[in-house]
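Asks: can't give you the sequence, but here's the structure:
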């Protein structure tokens, strides 16, 4: 193999990703957890199609061979509920995070690059979005809007949550636009679209990518909290509803029998958060050329 | 640590501990009496809310600092059977009630409870939505026409002209009595003229008078007295965010019977908090809360004793019959055959529920009391039987496409089963019902309404086709059937006749037919129900039997379970609690138990 070919092979995205991931075991664990839950969300409802079976003679049964995580208030299998419930939770969080990242990044980039009237206008809109108290708004909206599907919940969470990202991206853009490479790009007469998309975006990509993952954690917390508080429609196969039922109807705080019903969704949320936090480290290095070069 | 700190630290810690102990809600009050700790089942503590029994979220506690002339024994055979309260005794005629007040009845400021206080209180009661338009007799209205002072301790209360409501005595005895010196200035001088106008035959003038009374009622509801002036065994002395503290009223008319020196009513935001209090042995008694079996075990382990009593309430599935296909009797009957009420009760109300078996619109004990054994045996028990359900549905044009039932017009049949946020028993039950109906081929989803107030409003507006509802309210059968064939079904009294309304804004969300055909006979459900309010219990039997049989056939609701009032007592600090079987007492708050000489501190 020639030296050039060897250098290309070393720079291939797959090899770089693999190298970055394997550098620390925590990153691999994080990725494994995320993949595990993603597969659960995709395949879970297929594993358990149809109705959640109830068994009134087997309420709050302890974990056993038949029910690995025990049963709930209606004798339904807790493991089945956790698996089936993953789709709504993860899909909602993913939609919210994508909407937040897309809106926040676009508005931040455009405002920071153009400055002047565009910047002022967009930042006033951003300020308005930042002043909207997200969680109370959701509680109010839930009285008039049915959040039965992930798309609706995800859109509302995302549309009300992009303000912080837009502000941060704008700050970074303001800093970058004074750099030499951007002055050169402008001097070469490149279009604004080219400069924003091809020159600025790659430089703020690490921040956006990290924010995307971090916001997934936040949005999981927000949606589960809404269901936990019981302010959105009841669906038994949802982690938030499971928490609500375990605490308020099952007495998990007062009785150990309902504990597995309480702990199952809690542990899932905890594991997912851990996975994302561990994987963030790898994302940072992957998207940040300086870190990659240093290693 | 230097020497000075070493010496002073334990001393300071001891001092702080002593101070904390002195400040904490101990089980012994300052002067040695015991403190009775419980919760108010009807209203959690609201710090800052007025000490006003006419305020929706006010800090008032029936049987402790809030008194009535009497306390209802919930005797189905005698609607006027009451424990004495501020009334020592009473004599009723068909048109009036004469009440003898307790000889020593005094307010907590030392002044006497007078007939004038009763007069003011009844006038206020009529400003709180109790007044009925025109001669609204045969309804549940409080038709007080006049209040006359006979002597310093005797008061005569007359029904409005023409009124012969057999529930008049109970309606009057149940009214809250407040002091004129506190509330009198809020009551207009001409209020009895307004009340008379509201009961007159001129509908326009009556409505204007009702509006005037309601406006006065709003002012009274918002009123916040500076201090609590109580004629009960306790006086509210302070309200903290976490509890209300009531001290024994030294002027209470039967003071020797009141053992606790102080009552502390703990705040709660949900059932789980009450369970926690009981599990920790913090409550001397606790009223009914919906409770799962696993928590019941923990509560009993903590030394609490379970005491059950009859509860005149049933949880049912109600229909809006203006929405197809619920207008078809066969459809409602089919659903009754599909829903396994025992399985649903086991999940929804495992401790405080008994699955309904006879579906008459009354609780099971009332059905057994009013119907003959032959009639009870002839009732359809609607035991789970999907084959019968299929036959019924096919008989009215339903078809099956694969596993799913299709409506007669060929569209798929789905059900949204409405429940209320926070009603854990209904929510759990709806999961099982949805499962059973979906398995049968009717995809069913439970849906939640944010709170009960919204639920009632939206239900009245006809927003829900199928939803949970409380029925079989009692103990009188008239109240149970008013729930099915009363205002919610468009029936009301206009003069001496029963009127029926339907459509938007009418308040009629049940929309059943006005008559049923049972065994070839026409049963006018609204008229029969209205008649119950004017008949003595012994004369009600034939009407109740007709209504029960018609209800069992037509199923305007599908009763799921009868509630049992499961209460708990803890004899760590007090003894002599009412026991199982003493339903009349157990249906009242502990303050009433104390007035009857129950609940004595342990030596």
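Replies: Arrived safely, thanks for sending. Bear in mind that the values here come from a model prediction, so they are computed numbers and not experimental data.
Asks: domain parsing for chain B?
Replies: B:30-47+B:235-304+B:570-601, B:67-222, B:311-563 (automatic domain parsing).
Asks: Which one of the ones you listed has the poorest average confidence?
Replies: The stretch with the lowest mean pLDDT among the domains of chain B is domain B:67-222, which comes in at a mean of 88.
Asks: From the opening residue of that one to its closing one, how far?
Replies: Chord length of domain B:67-222, first to last residue, is 20 Å (Cα to Cα, to the nearest Å).
Asks: In a helix, residue A:219, correct?
Replies: Yes: Residue A:219 sits within a helix when classified using DSSP: H, G, I helix; E, B strand; the rest coil.
Asks: Could you count how many residues lie near it?
Replies: Using other Cβ atoms under 10 Å in any protein chain shown as the criterion, residue A:219 is surrounded by 25 other residues. Glycine gets a C-beta too; all of them are placed from N, C-alpha and C.
Asks: quick one, what contacts it?
Replies: By Cβ atoms under 8 Å, 6 or more residues apart in numbering or on different chains, residue A:219 lies in contact with A:92-93, A:96-97, A:100, A:154, A:157-158, A:161.
Asks: Quick one: the residues you listed as JSON lines, columns for distance to residue B:116 too.
Replies: Formatted as JSON lines, these follow (distance: Cβ to Cβ, whole Å):
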{"residue": "A:92", "distance to residue B:116": "63"}
{"residue": "A:93", "distance to residue B:116": "66"}
{"residue": "A:96", "distance to residue B:116": "64"}
{"residue": "A:97", "distance to residue B:116": "69"}
{"residue": "A:100", "distance to residue B:116": "67"}
{"residue": "A:154", "distance to residue B:116": "65"}
{"residue": "A:157", "distance to residue B:116": "61"}
{"residue": "A:158", "distance to residue B:116": "65"}
{"residue": "A:161", "distance to residue B:116": "62"}
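Asks: With distance to chain B, neighbour count and secondary structure as extra columns, can I get these in CSV?
Replies: Rendered in CSV, the data for the contacts of residue A:219 read as follows (distance: Cβ to the nearest Cβ, whole Å; neighbours: other Cβ atoms under 10 Å in any protein chain shown; DSSP: H, G, I helix; E, B strand; the rest coil):
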residue, distance to chain B, neighbour count, secondary structure
A:92, 18, 28, helix
A:93, 22, 28, helix
A:96, 22, 28, helix
A:97, 27, 25, helix
A:100, 27, 28, helix
A:154, 20, 24, helix
A:157, 19, 26, helix
A:158, 24, 24, helix
A:161, 23, 23, coil
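Asks: quick check, nearest of those to residue B:309?
Replies: residue A:92 (45.9 Å; Cβ to Cβ).
Asks: and stretch B:162-169, how far apart are its ends?
Replies: With Cα to Cα as the measure, stretch B:162-169 spans 16 Å from end to end.
Asks: want to try CSV for the domains of chain B, with mean neighbour count and distance to chain A as columns?
Replies: As requested, these are arranged in CSV below (neighbours: other Cβ atoms under 10 Å in any protein chain shown; distance: least, Cβ to the nearest Cβ, whole Å):
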stretch, mean neighbour count, distance to chain A
domain B:30-47+B:235-304+B:570-601, 19, 4
domain B:67-222, 19, 25
domain B:311-563, 20, 4
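Asks: Dump those to a markdown table, plus distance to residue A:195.
Replies: Formatted as a markdown table, these follow (distance: least, Cβ to Cβ, whole Å):
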| stretch | distance to residue A:195 |
| --- | --- |
| domain B:30-47+B:235-304+B:570-601 | 56 |
| domain B:67-222 | 64 |
| domain B:311-563 | 49 |
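Asks: nearest to residue A:135, of those domains?
Replies: Distances from residue A:135 to each of the domains of chain B were compared using Cβ to Cβ; the minimum, 15.5 Å, belongs to domain B:311-563.
Asks: Now do the end-to-end distance for that closest one.
Replies: The first residue of domain B:311-563 is 6 Å away from its last residue (Cα to Cα).
Asks: likewise stretch B:351-361?
Replies: The first and last residues of stretch B:351-361 sit 22 Å apart, counting by Cα to Cα.
Asks: and if you look at stretch B:486-493?
Replies: The stretch stretch B:486-493 measures 10 Å between its terminal residues, going by Cα to Cα.
Asks: What pLDDT does the model give residue 24?
Replies: Picked chain A for this. Each residue has a pLDDT score; the one for residue A:24 is 89.
Asks: Actually, chain B is the one I wanted.
Replies: Per-residue confidence (pLDDT) for residue B:24: 42.
Asks: For residue B:507, give me its contacts.
Replies: By Cβ under 8 Å, 6+ apart, the contact set of residue B:507 is B:460, B:487-488, B:490, B:501.
Asks: Torsion angles phi and psi at it?
Replies: Reported as degrees, to the nearest 10, the phi and psi values for residue B:507 are phi 80, psi 0.
Asks: That one and residue B:218, how far apart?
Replies: Using Cβ to Cβ, to the nearest Å, one gets 21 Å for the distance from residue B:507 to residue B:218.
Asks: cool, and residue A:128?
Replies: Look at residue A:128 and residue B:218: by Cβ to Cβ, they are 38 Å apart.
Asks: same question, residue A:47
Replies: If you go by Cβ to Cβ, the gap between residue A:47 and residue B:218 works out to 58 Å.
Asks: and if you look at residue B:268?
Replies: Separation of residue B:268 from residue B:218 (Cβ to Cβ): 29 Å.
Asks: same check, this time on residue B:115
Replies: Applying Cβ to Cβ to residue B:115 and residue B:218 gives a distance of 27 Å.
Asks: Equivalent analysis for residue A:274, please.
Replies: To residue B:218, residue A:274 is 56 Å away according to Cβ to Cβ.
Asks: Okay, strands next: where are they in the stretch 51-200 of chain B?
Replies: Applying DSSP state E, counting those that start in this stretch to the stretch 51-200 of chain B gives strands spanning B:67-68, B:70-72, B:82-84, B:87-92, B:96-101, B:144-151, B:154-159, B:176-177.
Asks: any chance of the contacts of residue A:219 in JSON lines, with distance to residue B:579 and pLDDT too?
Replies: JSON lines is the format used below for those (distance: Cβ to Cβ, whole Å; pLDDT from 0 to 100):
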{"residue": "A:92", "distance to residue B:579": "53", "pLDDT": "93"}
{"residue": "A:93", "distance to residue B:579": "55", "pLDDT": "93"}
{"residue": "A:96", "distance to residue B:579": "57", "pLDDT": "94"}
{"residue": "A:97", "distance to residue B:579": "60", "pLDDT": "93"}
{"residue": "A:100", "distance to residue B:579": "62", "pLDDT": "95"}
{"residue": "A:154", "distance to residue B:579": "57", "pLDDT": "90"}
{"residue": "A:157", "distance to residue B:579": "54", "pLDDT": "89"}
{"residue": "A:158", "distance to residue B:579": "60", "pLDDT": "91"}
{"residue": "A:161", "distance to residue B:579": "58", "pLDDT": "89"}
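Asks: Tell me the one of those nearest residue B:106?
Replies: Lowest distance from residue B:106 to the contacts of residue A:219 (Cβ to Cβ) belongs to residue A:157, with 60.5 Å.
Asks: what's near enough to touch the closest one?
Replies: By Cβ under 8 Å, 6+ apart, residue A:157 lies in contact with A:92, A:95-96, A:99-100, A:134, A:138, A:219, A:222-223.
Asks: Any idea which residue is closest to the centre of chain A?
Replies: Compute the mean C-alpha point of chain A, and by Cα atoms, centre = their mean the closest residue is residue A:216, 1.7 Å away.
Asks: Could you grab the helix/strand/coil label for it?
Replies: The three-state assignment at residue A:216 reads helix, by three-state DSSP.
Asks: What distance do you get for it to residue A:41?
Replies: Residue A:216 sits 12 Å away from residue A:41, taking Cβ to Cβ as the criterion.
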